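[1] Okay, structure incoming, though there's no sequence with it:
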């Protein structure tokens, strides 16, 4: 059995379920920590800052530095910086994406944008969507933090950023560039931050369509854990299988 | 040249452009009125009541009774009544669709809906979309007043109801039933209200993809007028052509 030199790890469904801790997951991370194996949490959540996410993990007893959280907001800001460092950006989204863009030095505007960014925004309004549509029709590049169609909550599955993004896609007949999992964009950046070669790194997550596909798209080995979205019954129906599958991350500790 | 015994007529781009009157269009309607030819205005606008729309037309000097305006809100209310007269409805939308559903006797609810209706709502919020998604995931039938992707305004093309509807389509992976043009649903009902056989009725409009397609889908003859959306250059590229084409409705008056 191969020993991996680094880990990229999903959060919701892998480390916790909403507000509920997954005990075995914290044992797993503690084992990585004790053996000094580098790990980085990679999340499609664009609404919160890495500091906020890291604090949540620490509250669950999971050893995490702020720098060990890499969000799709970080990836989006880096991506736009590579595309056009002086870009003026019109953003629909919450604190996480706004903070990431401002920290990268971008100017946020309502008119004359070079780039429109769509992230989850639970204060969405028609005026915000209208400004997005006008900027895209005027030639702004269209980028979406992630294509998740739904967000699991206590009330059930609520609209995710992929569904909000579709308002602008349909209205302007323009396809966005998606940044988050399962896209390669966020994974390539996360590997660089982790600093371990991709062939030595394992991608760990509960969702076949985002986490495992992201690992596959980045040419990495993958570990699917059945503590979240993807059931065994569903997994059987997919042609391309993860490198490894476990019921709980406790099972993996001996392989670290 | 065939003499038509009845007319179905589009509004925006055909009778007026936003707040601007199209003078020749009012001459055309006055000629219908003088010759006692039945006509009915058919609109995808779900935001206003027939009374409000008729008043706008009268303000432009176009002879119109309230009963001569048939909106996609009317068609939606009728369609749901045929499907389930006692349906509980969760509606996203403005005054026009709400009034049409209430006048038809439906109960509007937030939970436990049999039907979710999506109409243009410029006070859209995440909570409204969340309630729509929850009801559809709980089994409610999903109906959309119309699929227009954009609304022409002084500020440019803003998101139309088809793009707002896509949030629920994408998030719940459920296709809605669309009611408005180019669908047959609204046309069949409009023909019944007009009371003239379809082969004796002409559909008049400026938009190939909504008005003319709607006429074609209902098996009617069609007249495209180049005072709105569809240009001659665009029209040339479409395989199936309208029965007739004019630059202005003034040209058609002698054929009434």
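    Cool, got the structure. Model, not experiment: these values are computed from the prediction.
[2] contacts and neighbour counts: CA atoms only from here.
    Will do.
[3] hang on, residue A:111 in a helix?
    No. Read with DSSP: H, G, I helix; E, B strand; the rest coil, residue A:111 is coil and lies in no helix.
[4] Make sure it is actually in contact with residue A:133.
    No. Residue A:111 sits out of contact with residue A:133 when judged by Cα atoms under 8 Å, with a separation of 10.9 Å.
[5] Compare these two (neighbour count), which wins?
    Taking neighbours as other Cα atoms under 10 Å in any protein chain shown, residue A:111 and residue A:133 compare with residue A:133 leading, 27 against 14.
[6] Checking that one next. Helix, strand or coil?
    helix.
[7] From residue B:248, how far off is it?
    31 Å (Cα to Cα, to the nearest Å).
[8] Now do the same contact list for residue A:129.
    A:92, A:167, A:168, B:159 (Cα atoms under 8 Å, 6 or more residues apart in numbering or on different chains).
[9] Kindly reformat these as CSV and extend each row with secondary structure, distance to residue A:123 and pLDDT.
    Converted to CSV, the contacts of residue A:129 look like this (DSSP: H, G, I helix; E, B strand; the rest coil; distance: Cα to Cα, whole Å; pLDDT from 0 to 100):
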residue, secondary structure, distance to residue A:123, pLDDT
A:92, strand, 9, 98
A:167, helix, 15, 98
A:168, helix, 16, 98
B:159, strand, 17, 97
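[10] Adding neighbour count and distance to residue A:182, write those residues out as a markdown table.
    Listed next are the contacts of residue A:129 as a markdown table, based on neighbours: other Cα atoms under 10 Å in any protein chain shown; distance: Cα to Cα, whole Å:
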| residue | neighbour count | distance to residue A:182 |
| --- | --- | --- |
| A:92 | 24 | 21 |
| A:167 | 26 | 21 |
| A:168 | 30 | 21 |
| B:159 | 29 | 28 |
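[11] For the residue nearest to residue A:156 when sequence neighbours are not counted, grab the count of nearby residues.
    For residue A:156, ignoring the flanking residues on the chain, the nearest one in space by Cα to Cα, 6 or more residues apart in numbering or on different chains is residue B:134 at 6.9 Å. For residue B:134, the neighbour count with other Cα under 10 Å is 23.
[12] can you check residue A:173 too?
    16.
[13] Residue A:199 now?
    Number of residues near residue A:199 (other Cα under 10 Å) recorded here: 12.
[14] Can you pull the domain assignment for chain A?
    A:6-44+A:181-255, A:73-178 (automatic domain parsing).
[15] residues touching residue A:171, list them.
    A:133, B:149, B:150, B:158, B:159, B:160, B:162, B:163.
[16] Tell me what angle the helix or strand hosting it forms with helix B:161-172.
    Using DSSP states H and E, residue A:171 maps to helix A:161-172. Counting by axes from the mean of the first three to the mean of the last three Cα atoms, to 10 degrees, helix A:161-172 lies at 160 degrees to helix B:161-172.
[17] Which stretches in chain A count as helices?
    Residue ranges of the helices in chain A, as given by DSSP state H, are A:23-34, A:50-59, A:72-83, A:95-103, A:126-137, A:161-172, A:184-194, A:213-217, A:232-236.
[18] What residues of the first one count as buried?
    This points to helix A:23-34. A:23, A:24, A:25, A:26, A:27, A:28, A:29, A:30, A:31, A:32 (16 or more other Cα atoms under 10 Å in any protein chain shown).
[19] cool, the fifth one as well?
    By neighbour count with 16+ other Cα under 10 Å, helix A:126-137 contains the buried residues A:126, A:128, A:129, A:130, A:131, A:132, A:133, A:134, A:135, A:136, A:137.
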